[in-house]
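Trainee: Turn this into a structure:
(chains A, B, C and D)
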There are 4 protein chains.
Amino acid sequence: MAFTTTHTVRFQHCDPAEIVFYPRYYEMLNATIEEWFDTRLVWSFAEIHGPMDRGVPTVAHETVFLKPSRLGERLDFTLTPTHIGGSSVKLLVEVTCDGEPRVRFNTTLVWFAKSDGRPRPWPDELRAGMTREMTLETEGDAR
Amino acid sequence: MAFTTTHTVRFQHCDPAEIVFYPRYYEMLNATIEEWFDTRLVWSFAEIHGPMDRGVPTVAHETVFLKPSRLGERLDFTLTPTHIGGSSVKLLVEVTCDGEPRVRFNTTLVWFAKSDGRPRPWPDELRAGMTREMTLETEGDAR
Amino acid sequence: MAFTTTHTVRFQHCDPAEIVFYPRYYEMLNATIEEWFDTRLVWSFAEIHGPMDRGVPTVAHETVFLKPSRLGERLDFTLTPTHIGGSSVKLLVEVTCDGEPRVRFNTTLVWFAKSDGRPRPWPDELRAGMTREMTLETEGDAR
Amino acid sequence: MAFTTTHTVRFQHCDPAEIVFYPRYYEMLNATIEEWFDTRLVWSFAEIHGPMDRGVPTVAHETVFLKPSRLGERLDFTLTPTHIGGSSVKLLVEVTCDGEPRVRFNTTLVWFAKSDGRPRPWPDELRAGMTREMTLETEGDAR
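Mentor: Residues are numbered from 1 along each chain as shown, chains lettered A, B, ... in the order given. This next block holds a predicted model:
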């Protein structure tokens, strides 16, 4: 099954319009990607950013906010890789609440060295792990 | 048992010194209090701030940061009320990692009306719930 | 002249990779838009979200992160409307540091009523103000 | 004159109770301390955390939130050192809006080495700079 994690909308996420303030969605998005690395791929963010001296900065986003989310709601974030490049990956992350679509993120990450800030080819283990995750996406819709 | 919840230190919590940036601890503290209301007391934050037109703003903190926390660590937040006033409550929240103390918060909240920003006496149900939570604290140390 | 405001990269914006954590860029983006409303348009965010019961939620982003930014750098955010619809507006916000491009945001906002969460036609004064701001954009490139 | 800087309450700082969410005050507090280092003391945060491999983590807070603050208000943060130890400093930061007290922070920082996470004696230049800042505090009240 494609990776899914749940974030409850907390007070800290909400703005005076009483809906999620969108920068907080990106914090949830990042935590989702981080948890995906920690649980489905080879290395955790702590290992990557610590001893390995690597990082996975975001280079692009296309985001559509479909409906607002409110305090106390439970949001499911489902992540599937859609394209794996030499040192980049595109991820589709769909946010739903009880099945109702709320946000759709298309985000692009790169694998880079913190020491010189330049991209590096994906290690074979990571590439294999992400490729395996692509095949879990079985809904086959024309996204 | 006293209320405990766990927060994993995520990338979003860490600063260039590679430790938790302390304002992020207060976000975790607030989420802890919110979860306590949602699961142990009578009303959720969504009910309180929505239809009830009430709020529980913080009026004071005394915080000691004992040791830094790092990316990927799992922090346990244990909450016990220490004093219940007419419209306020003092909470002790102790943060540990594998039993090692990291942060100690003494925080004071008030029950107030959003419409006029003035304190209100605790509803009986909330007072009863918080009183019950005080008796769960059995460690008896001289805090 | 097109609206420009400057944000200094503070400790709170930086992550363990020692660069701006991208959700913080969206906080800066939102502050930029807010300051634009406050200083160039008719009503401040405080007036809009308070007595007027309106809001301007974001419905879409296309963002390209061109180069990382570091602690202490001063980032210039330049905002120009690119399209004004019945109840929406597209904004281009370009972030530079000493003229070097860092981030490019294309963001879409809507004018909506907080009471029912539905879009409303732009008030004439706002539409006129935003239209005037479009004509300030004189670089004429094919963005 | 004691160091003062101004933060405008932005949308990102406010919660569904339509007042500043207190973790955001700590972000403003940290930015205030950072700006104090950058403009009044010897080294900027960028120099300290970069080439010098030092940091100034917070070890304790006592905070009193006197009155809530609202969207669009301009808050003045005034900082004065109150005690300089071997490797620590206590700072009083008072927040006012048009002279009305809003928040009072007593915060303790230490000077430490990022490499081993242990305190270091203040460099003479920093100690001299902070001592000079203490004498600027002329109100003489019994804080």
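Trainee: what residue lies at the spatial centre of chain A?
Mentor: The centre of chain A sits closest to A:Ile33, judged by CA atoms, centre = their mean, with a distance of 3.5 Å.
Trainee: Would you enumerate the residues in contact with that residue?
Mentor: Taking CB atoms under 8 Å, 6 or more residues apart in numbering or on different chains, we find A:Ile33 in contact with A:Val56, A:Leu79, A:Leu91, A:Val93, A:Thr107, A:Leu109. Just so you know, the C-beta spots here come from the backbone N, C-alpha and C atoms, and that holds for glycine as well.
Trainee: contacting residues around A:Pro57?
Mentor: Neighbours of A:Pro57 in contact, by CB under 8 Å, 6+ apart: A:Leu109, A:Val110, A:Phe112, C:Ala17, C:Ile19, C:Tyr22, C:Phe65, C:Pro68.
Trainee: before we move on, what SS does the fourth one have?
Mentor: If I follow you right, that is C:Ala17. Taking DSSP: H, G, I helix; E, B strand; the rest coil as the rule, one finds C:Ala17 in the coil state.
Trainee: what do you get for A:Leu92?
Mentor: strand.
Trainee: quick one: which helix or strand includes the nearest residue to A:Tyr25 once chain neighbours are set aside?
Mentor: For A:Tyr25, ignoring the flanking residues on the chain, the nearest one in space by CB to CB, 6 or more residues apart in numbering or on different chains is A:Val103 at 5.9 Å. Assigned by DSSP states H and E, A:Val103 belongs to strand A:100-110.
Trainee: What is that strand packed up against?
Mentor: Applying 3 or more CB pairs under 8 Å, 6 or more residues apart in numbering or on different chains; DSSP states H and E, we find strand A:100-110 packed against helix A:22-40, strand A:58-65, strand A:88-97.
Trainee: same question for the first one, mean pLDDT?
Mentor: Mean pLDDT, computed over helix A:22-40, is 96.
Trainee: got the buried residues for it?
Mentor: A:22-38 (16 or more other CB atoms under 10 Å in any protein chain shown).
Trainee: Likewise for the second one?
Mentor: For strand A:58-65, a neighbour-count test (16+ other CB under 10 Å) marks A:Thr58, A:Val59, A:Ala60, A:His61, A:Glu62, A:Thr63, A:Phe65 as buried.
Trainee: I'd like the distance between A:Thr4 and C:Arg74.
Mentor: Separation of A:Thr4 from C:Arg74 (CB to CB, to the nearest Å): 40 Å.
Trainee: Same drill for these two, tell me which one is more crowded.
Mentor: Legend: neighbour count by other CB atoms under 10 Å in any protein chain shown for A:Thr4 and C:Arg74, higher for A:Thr4 (15 against 12).
Trainee: Close to chain C: what parts of chain A are there?
Mentor: Selection of chain A residues close to chain C by CB under 8 Å from any CB of the partner chain yields A:16-19, A:21-24, A:26-27, A:30, A:49, A:55, A:57-65, A:68, A:114, A:117.
Trainee: Would you confirm that A:His61 contacts A:Val103?
Mentor: No - here A:His61 does not reach A:Val103: they are 11.1 Å apart, not a contact under CB atoms under 8 Å.
Trainee: Spell out which parts of chain A neighbour chain B.
Mentor: Contact residues, chain A versus chain B (CB under 8 Å from any CB): A:10-12, A:18, A:27, A:30-31, A:34, A:38, A:44-46, A:49-50, A:70-72.
Trainee: how about 7 Å then?
Mentor: Applying CB under 7 Å from any CB of the partner chain, we find that chain A lies next to chain B at A:10-12, A:27, A:30-31, A:34, A:44-46, A:49, A:71-72.
Trainee: hmm, what's the outermost residue in chain A?
Mentor: The C-alpha centroid of chain A is most remote from A:Pro16, which lies 26.5 Å away (CA atoms, centre = their mean).
Trainee: quick one: that residue and D:Leu71 touch, right?
Mentor: Yes - if you go by CB atoms under 7 Å, A:Pro16 and D:Leu71 touch, sitting 6.2 Å apart.
Trainee: list residues touching both of these two?
Mentor: C:His49, D:Phe11, D:Cys14, D:Glu18 (CB atoms under 7 Å, 6 or more residues apart in numbering or on different chains).
Trainee: which bits of chain A sit near chain D?
Mentor: For chain A, the contact set with chain D under CB under 7 Å from any CB comprises A:Phe11, A:Gln12, A:Cys14, A:Asp15, A:Pro16, A:Glu18, A:Phe21, A:Pro23, A:Leu71.
Trainee: List the residues that contact the last one.
Mentor: Applying CB under 7 Å, 6+ apart to A:Leu71 gives the contacts A:Val9, A:Phe11, A:Cys14, A:Glu18, B:Phe45, B:Ala46, B:His49, D:Pro16.
Trainee: how close does the first one get to A:Tyr25?
Mentor: Summarising the geometry, the distance separating A:Val9 from A:Tyr25, computed by CB to CB, is 10 Å.
Trainee: Where does the prediction get shaky in chain A?
Mentor: The model of chain A has pLDDT under 70 over residues A:137-143.
Trainee: residues contacting the residue nearest to A:Tyr25?
Mentor: The neighbours of A:Val103, taking CB under 7 Å, 6+ apart as the test, are A:Tyr25, A:Thr63, A:Val64, A:Phe65, A:Leu66, A:Val95.
Trainee: now do A:Trp122
Mentor: Contacts of A:Trp122 by CB under 7 Å, 6+ apart are A:Ser87, A:Trp111.
Trainee: Could you check how far it is from A:Thr131?
Mentor: Distance from A:Trp122 to A:Thr131, by CB to CB: 10 Å.
Trainee: what's the answer for A:Gly86, then?
Mentor: 13 Å.
Trainee: Likewise for A:Leu92?
Mentor: Separation of A:Leu92 from A:Thr131 (CB to CB) stands at 15 Å.
Trainee: Between these two, point out the one with more neighbours.
Mentor: A:Leu92 (18 against 12).
Trainee: I figured that one hits A:Thr78, correct?
Mentor: No - counting by CB under 7 Å, A:Leu92 stays clear of A:Thr78, with 8.4 Å between them.
Trainee: And the helices and strands packed on strand A:100-110: which comes nearest C:Gly99?
Mentor: Minimum separation from C:Gly99 across the helices and strands packed on strand A:100-110 (CB to CB) falls at strand A:58-65, 20.8 Å.
Trainee: which helices and strands sit right next to the next helix or strand along the chain from that closest one?
Mentor: Once the chain leaves strand A:58-65, the next helix or strand it forms, by DSSP H and E, is strand A:74-84. If contacts are counted by 3 or more CB pairs under 7 Å, 6 or more residues apart in numbering or on different chains; DSSP states H and E, strand A:74-84 sits against strand A:3-8, helix A:22-40, strand A:88-97, helix A:124-135.
Trainee: how far off strand A:88-97 does the last one point, in degrees?
Mentor: Helix A:124-135 and strand A:88-97 meet at an angle of 40 degrees, taking axes from the mean of the first three to the mean of the last three CA atoms, to 10 degrees as the criterion.
Trainee: Helix A:124-135 - contacts with which helices or strands?
Mentor: strand A:74-84.
Trainee: Now tell me what touches the strand it packs on from outside.
Mentor: By CB under 7 Å, 6+ apart, strand A:74-84 touches A:2-9, A:28, A:32-33, A:36, A:69, A:89-97, A:102, A:127, A:130-131, A:133-134, A:137.
Trainee: Give me the buried entries from the residues you listed.
Mentor: Here, 16+ other CB under 10 Å leaves A:2-3, A:5, A:7, A:9, A:28, A:32-33, A:36, A:69, A:89-97, A:102, A:127, A:130, A:133, A:137 buried among these.
Trainee: so A:Arg104 sits right up against A:Val64, yeah?
Mentor: Yes - counting by CB under 7 Å, A:Arg104 touches A:Val64, with 4.8 Å between them.
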